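Student: no sequence on this one, just coordinates:
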């Protein structure tokens, strides 16, 4: 039994024990855990920083794409407007051209009709003159009497008449 | 209350090993086991014992940094070990062990460690000349007073802790004795009715509250004096 208040060999033991437990806890607890937590803190810090960087980059890219999209939209609407305008112009041109051509065609047809008419008239005249000559020769061949004369004229008129009325 | 019992004697030199030392070894074993088991596999996502280890280490790191300053963070392992050892030693009474801090040898050993750190740290920081100059300030006549003041610190540190723990243990022992005789007077000897519930309050105060408080005071004072010496 040791006295309640007194210094003994235990003092030396307790000094050594204190140093020993300090060494043990430092080596097994404080050093590894502190290092580990510091590393983890750094890791998390890095991760957050990286995520923030990525976020900013994404935001930037998004803005850029938005801008590009807007540009494209504008361009598209302009293009559509342009195309519409051009199409309108072209349509008008085509219509004008068609009208012009139609007019030309009509003119040409009119000309043709006139020419044909002229041709027909000329033919008719030729035929009439042929008929007249034929009639004249018939008159010369036959004796002229009142009845025959009249009949001849009537015949002549009948023959000619049809052609003539067609004019 | 008497001093620590001698458990056995070392065969070499016949050095006696007291109950205090054996109990300290038990506490050291528990702490070592905790340190090894809790840090066996450190995970990025803490789990189980790792949480406890991280909380303990973080607590002492922050406490040291707050009290001693960021640049004295290196003292954290020593202060943490000191605090854990003291805490377990003070709470040993709860497990029926004689608290190692109820022995002047233990408290003096710890106070001596702090004392050595203060003076060796002071010498290292200010150089031998600057350190010795401290003793003749503000004027040389103050030398004896300064020396007494320096020596008073570890003595007061050791006796404060020792006194508190011994007093607590003493009162608890007396209380158990009183309750036992009370049971005897009433003729209840088979079941210790009174000893079962009443001491809880006293254990709470003298072991838990006082033990934690004295640990805090001891570590806090060590930190303050060491940081004053090495600043």
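Tutor: Noted; the coordinates are in hand. Just so you know, these numbers come straight off a predicted model, no measurement behind them. Numbering: from 1, shown residues only, chains lettered A, B, ... in the order given.
Student: Which stretches in chain B count as helices?
Tutor: For chain B, the helices defined by DSSP state H cover B:19-38, B:49-68, B:76-91, B:104-133, B:143-185, B:193-197, B:199-203, B:210-230.
Student: The ones you listed: lowest mean pLDDT?
Tutor: Averaged per stretch, pLDDT over the helices of chain B is lowest on helix B:193-197, reaching a mean of 79.
Student: Who are the packing partners of that one?
Tutor: helix B:143-185 (3 or more CB pairs under 8 Å, 6 or more residues apart in numbering or on different chains; DSSP states H and E). Every C-beta, even on glycine, is put in place using the N, C-alpha and C of the backbone.
Student: got the contact list for the residue nearest to the spatial centre of chain B?
Tutor: Per CA atoms, centre = their mean, the C-alpha nearest to the average position across chain B is that of residue B:86, at 2.8 Å. By CB atoms under 8 Å, 6 or more residues apart in numbering or on different chains, the residues touching residue B:86 are B:101, B:110, B:161, B:214, B:215, B:218, B:219.
Student: Tell me the residues of chain A that contact chain B?
Tutor: A:1-11, A:13-15, A:17-22, A:24-26, A:28-34, A:36-37, A:40, A:43 (CB under 8 Å from any CB of the partner chain).
Student: Filter those residues down to the ones in strands?
Tutor: With DSSP state E as the criterion, strands contain none of the residues of chain A next to chain B.
Student: Write the PyMOL selection for whichever of those are buried.
Tutor: Selection of the buried residues among the residues of chain A next to chain B in PyMOL, burial being defined by 16 or more other CB atoms under 10 Å in any protein chain shown:
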select buried, chain A and resi 2+8+9+10+11+13+14+15+17+18+21+22+24+25+26+28+29+30+32+33+34+36+37+40
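Student: Residue A:149 and residue B:66, how far apart?
Tutor: Relative to residue B:66, residue A:149 is positioned 158 Å away (CB to CB, to the nearest Å).
Student: Give me the more crowded residue out of the two.
Tutor: Under the neighbour definition other CB atoms under 10 Å in any protein chain shown, residue A:149 and residue B:66 were set side by side, and residue A:149 has more, 13 against 10.
Student: what about residue 111, how many neighbours?
Tutor: By default, I'm working from chain A. Using other CB under 10 Å, residue A:111 is surrounded by 10 other residues.
Student: The intended chain is chain B.
Tutor: Burial of residue B:111 is recorded as 24 neighbouring residues (other CB under 10 Å).
Student: so what's it up against?
Tutor: Contacts of residue B:111 (CB under 8 Å, 6+ apart): B:153, B:154, B:155, B:157, B:158, B:161.
Student: Also near chain A: which of those residues, exactly?
Tutor: Near chain A, judged by CB under 8 Å from any CB, there are no entries from the contacts of residue B:111.
Student: how about the nearest residue to residue A:8 once chain neighbours are set aside, what does it touch?
Tutor: Once flanking residues are discounted, residue A:8 sits nearest to residue A:2: 5.5 Å by CB to CB, 6 or more residues apart in numbering or on different chains. Counting by CB under 8 Å, 6+ apart, residue A:2 touches A:8, A:10, B:3, B:4, B:5, B:6, B:16, B:18, B:103.
Student: again, only using 10 Å
Tutor: A:8-10, B:2-6, B:16, B:18-20, B:103-105 (CB atoms under 10 Å, 6 or more residues apart in numbering or on different chains).
Student: out of those, what pair is the most spread apart?
Tutor: Comparing all pairs in the contacts of residue A:2 by CB to CB, the longest separation belongs to A:9 and B:2, at 17.4 Å.
Student: what stretches of chain A score poorly on pLDDT?
Tutor: Residue ranges of chain A with pLDDT under 70: A:142-145, A:161-167.
Student: Having no further points to raise, I will conclude here.
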